[in-house]
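Undergrad: Predicted model and sequence below, questions to follow.
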Amino acid sequence: MGRTRLTPMPAPLIELNAVGKRFDDRRSGRATQALDDFSLAVAEGEFVCLLGPSGCGKSTVLDLLAGFERPSAGHVAIGGAPVGRPGPDRGIVFQDALLFPWLSVQGNITFAPRLAGIPARDYRPRARQLIEVMGLAGFERHAPYELSGGMRQRVAIARAWISQPRLLLMDEPFGALDAQTRLDMQELLLSARDRTGSTVLFVTHDIEESLFLADRIAVMSRRPGRVALEISVPFPRPRNYEALLAEPEFGRIKQAIVKMLRQQRQVD
Ligand code: ADP
């Protein structure tokens, strides 16, 4: 008798299988093949960064998962089911915070549960907690235009998180922030995510950001995008940015990614 017991692997939360995405511009008659044979699986609770040259199709991958776009080929599934319309199981954060300008900080954060008709007593405590965690206490009644870029982005993250999404899709959320604010936000995201255990798919073109945040990095090829290289990030959590910079392994992996990205520069 064999001694090996076969334990079924848990199904990944996200599954993109041989996905192709083509955009047809009817007016010019031109077509762009954004993705071709793109495959990626992300396990529940994993933090994966999608890294790649500009225009390689990173945002398109998120749009397919968000339900904003449909694949031209292949399969896109979340929790084993094909992705349908956008839903509250997926929180989305873009580079620009895109807050509702006529709502306060509190109003923006509680927008989704209010829209869903959830009673205040059910979402208020979580809103309170998110406001604390995101360092927004005292600013609840402020309007978006009264906030700094970093604060606006913290409101956007809290707004995405309030519905307790299984999956957080983030498209270069800290790309527009200065270096120090960006580091503060990265640390905040990691500590909040450690508490919630959410699965995160995070698009960036910043190699160091991906090494600090991710469990795994999927490096994309030039367009049409596909995964050219997958790297497991070996650093234990909680992570400390300064300590990571001193790790020889940090430099080694960064070098391997730089080399790969150089080869993948868009040529057209
Ligand atoms: P990245 O996020 O890596 O910069 P994108 O996913 O935004 O890349 O875009 C990939 C390619 O698909 C680009 O050439 C872009 O111009 C094209 N593209 C993206 N969305 C559309 C669209 N709605 N219509 C036409 N072309 C698009």
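TA: Now that the structure is in, tell me what you want to look at.
Undergrad: tell me which residues in stretch 17-26 are buried?
TA: Using 16 or more other Cβ atoms under 10 Å as the test for burial, stretch 17-26 gives V19, G20, K21. From N, CA and C alone the C-beta is placed, and that goes for glycine too.
Undergrad: cool, and stretch 135-155?
TA: So, applying 16+ other Cβ under 10 Å, buried residues of stretch 135-155: L136, F139, A143, P144, L147, G150, M151, R152, Q153, R154, V155.
Undergrad: In JSON lines: these, plus distance to the ligand.
TA: Converted to JSON lines, the buried residues of stretch 135-155 look like this (distance: Cβ to the nearest ligand atom, whole Å):
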{"residue": "L136", "distance to the ligand": "29"}
{"residue": "F139", "distance to the ligand": "31"}
{"residue": "A143", "distance to the ligand": "30"}
{"residue": "P144", "distance to the ligand": "25"}
{"residue": "L147", "distance to the ligand": "26"}
{"residue": "G150", "distance to the ligand": "22"}
{"residue": "M151", "distance to the ligand": "25"}
{"residue": "R152", "distance to the ligand": "21"}
{"residue": "Q153", "distance to the ligand": "18"}
{"residue": "R154", "distance to the ligand": "23"}
{"residue": "V155", "distance to the ligand": "23"}
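Undergrad: Which members of those occur in helices, if any?
TA: Among the buried residues of stretch 135-155, the members falling in helices (DSSP state H) are G150, M151, R152, Q153, R154, V155.
Undergrad: So the last one is in contact with S148, correct?
TA: No: assessed by Cβ atoms under 8 Å, V155 is found out of contact with S148, at 10.8 Å.
Undergrad: Between these two, which contacts overlap?
TA: Listed as contacting both V155 and S148 by Cβ atoms under 8 Å, 6 or more residues apart in numbering is no residue at all.
Undergrad: circling back to that earlier point, wait, which of the buried residues of stretch 135-155 is closest to S232?
TA: Nearest to S232 among these is Q153, at 28.0 Å by Cβ to Cβ.
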